[in-house]
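K.L.:
Got a sequence here, can you build the structure:
(chains A, B, C and D)
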There are 2 protein chains.
Amino acid sequence: MQESLTMLKNSARVDWREARRQSARATVLAAAWEMVRADGLAALPLRDLARHAGITTPTVYAYFDSKNAIFDAMFGEAAESFADSKVELVDKGDHYENLAADAKNFIEFCVSDVARYQLLFQHSVPGFIPSPQSYAPAVRALELTREQLARYGVRDPRQVDVWTALLTGLVDQQISNDPGGDRWTRLVDDVVRMFLTHCSREEDHS
Amino acid sequence: MQESLTMLKNSARVDWREARRQSARATVLAAAWEMVRADGLAALPLRDLARHAGITTPTVYAYFDSKNAIFDAMFGEAAESFADSKVELVDKGDHYENLAADAKNFIEFCVSDVARYQLLFQHSVPGFIPSPQSYAPAVRALELTREQLARYGVRDPRQVDVWTALLTGLVDQQISNDPGGDRWTRLVDDVVRMFLTHCSREEDHS
DNA sequence: GTCTATAGCTGGATAGAC
DNA sequence: GTCTATCCAGCTATAGAC
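P.N.:
As a prediction, this is how the structure comes out:
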């Protein structure tokens, strides 16, 4: 009896501390996202990050083992966001509408946060490799995409790859050559029509 | 008479020295390309570069004003190579063949040297902006591409943008998700057919 | 022009007091 | 857990002898 009460109190205190800890980690990560959004993924010195988060450099190490651990946590958050952006989509009735909505959703996800896109999809932090835990939601989201495409009539793995190439192509050109504009993203309806026509012709041939 | 002879000898000596200088610069640049091809654009410390080129760090500064000047010269070389890769193409008779050849040529140019691709098209060296002189051949090459597409029947600027998005999409997916493989590059014929069909339908509608 | 030596800076990470 | 102070490694760039 006494023992179980002690355990309860201990676990409650542990939970409370753990919550504080998670909250502090989240504060640091929020500051990190602000900085990379403003100045790019490369511009994230721990000193500046700590100052932005209202703490000092050693304190950062109370919450993260290393700088790579920070990138890993950011990758995890980005992957979670990506997965979340997928499940929100609702069936609109026909394949074109569904695919167009999916495409616009993906493009918006990417161009609205270039740093996040580069971290998640372009492996552009030198020497950083995401841990399996952080990578898992990204895999889940890609699997969701595959399933959605299948529901929308796209089942050939080659066509799935064409689809991802189409979308990332629009995104990359937009980001690289017209940042902040819509020169490429506005082509999405054209491109979706092009893709669907192509897929239906391929099906006829098989 | 004496004077003009002196001038001749002086200018000859100047030319000779200038040739030596250009040769030395080329040696450094060749070493730089080797290093970035092996370890990425970020991995180019001047110490290692100098050692690779068989000289010491201060000597590098005898040929280049700064590290950015080295990147600028590399950008210029990459842009020249890109322009050269364009003019080699010959007319094969029909639009599909010509476009497919153009596409394969571009894709091969990109995936055969990822570092060059990233430097030239992805602006991925933090803080580096190419000088107008280095940028000029890149502009020329893009203009060549536009003209070639026009000859092959693609004149709508929107379709030109779709074309560049298609190709960079294949390249980016290939580089990011299957480096060294051909999972996306092998889709090029499919994609060219898709694009051409789409363009001809758009024309019918106008 | 080429070297040795080093300045000057910035970065990640740690020691140790509190 | 949080700080002050500091270490140490790496980088670009320069000074000055030869």
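K.L.:
okay, residue A:165: pLDDT?
P.N.:
According to the prediction, residue A:165 has pLDDT 98.
K.L.:
any idea how far it is from residue B:112?
P.N.:
18 Å (CB to CB, to the nearest Å). In short, each C-beta sits where N, CA and C put it, glycine included.
K.L.:
Over to residue A:120?
P.N.:
Distance from residue A:120 to residue B:112, by CB to CB: 26 Å.
K.L.:
Looking only at neighbour counts, state which of the two leads.
P.N.:
With neighbours defined as other CB atoms under 10 Å in any protein chain shown, residue A:120 and residue B:112 compare such that residue A:120 has more, 22 against 10.
K.L.:
element containing that one, please.
P.N.:
helix A:114-121 (DSSP states H and E).
K.L.:
ok, that helix near DNA strand C or not?
P.N.:
No - Helix A:114-121 lies out of reach of DNA strand C by CB under 7 Å from any atom of the strand, never closer than 14.8 Å.
K.L.:
list the contacts for the closest residue to residue A:182 other than its chain neighbours?
P.N.:
Nearest residue to residue A:182 in three dimensions, chain neighbours excluded: residue A:174, at 7.5 Å (CB to CB, 6 or more residues apart in numbering or on different chains). By CB atoms under 8 Å, 6 or more residues apart in numbering or on different chains, residue A:174 lies in contact with A:107, A:111, A:181-185.
K.L.:
could you measure residue A:174 against residue A:92, distance?
P.N.:
24 Å.
K.L.:
Kindly report the same for residue A:150.
P.N.:
In terms of CB to CB, residue A:150 sits 16 Å off from residue A:92.
K.L.:
before we move on, what about residue A:186?
P.N.:
According to CB to CB, residue A:186 and residue A:92 sit 20 Å apart.
K.L.:
Give the full set of residues in contact with the closest residue to chain B within chain A.
P.N.:
In chain A, the residue that lies nearest chain B is residue A:169 (2.2 Å; CB to the nearest CB). Shown in contact with residue A:169 (CB under 8 Å, 6+ apart): B:164-170, B:172.
K.L.:
try residue A:116
P.N.:
Taking CB under 8 Å, 6+ apart, one finds A:33, A:37, A:78, A:81 in contact with residue A:116.
K.L.:
helix or strand for the third one, which one?
P.N.:
Okay, so that is residue A:78. Under the assignment here (DSSP H and E), residue A:78 is part of helix A:67-87.
K.L.:
Whatever helix or strand comes next after that helix vs chain B: in contact?
P.N.:
Helices and strands here follow DSSP H and E; after helix A:67-87, the next one along the chain is helix A:95-111. No - Helix A:95-111 lies apart from chain B when judged by CB under 8 Å from any CB of the partner chain; the minimum separation is 11.1 Å.
K.L.:
Could you pull up the mean pLDDT of helix A:95-111?
P.N.:
On average, helix A:95-111 scores 96.
K.L.:
in stretch A:94-110, what counts as buried?
P.N.:
By neighbour count with 16 or more other CB atoms under 10 Å in any protein chain shown, stretch A:94-110 contains the buried residues A:95-96, A:98-103, A:106-107, A:109-110.
K.L.:
Much appreciated, bye for now.
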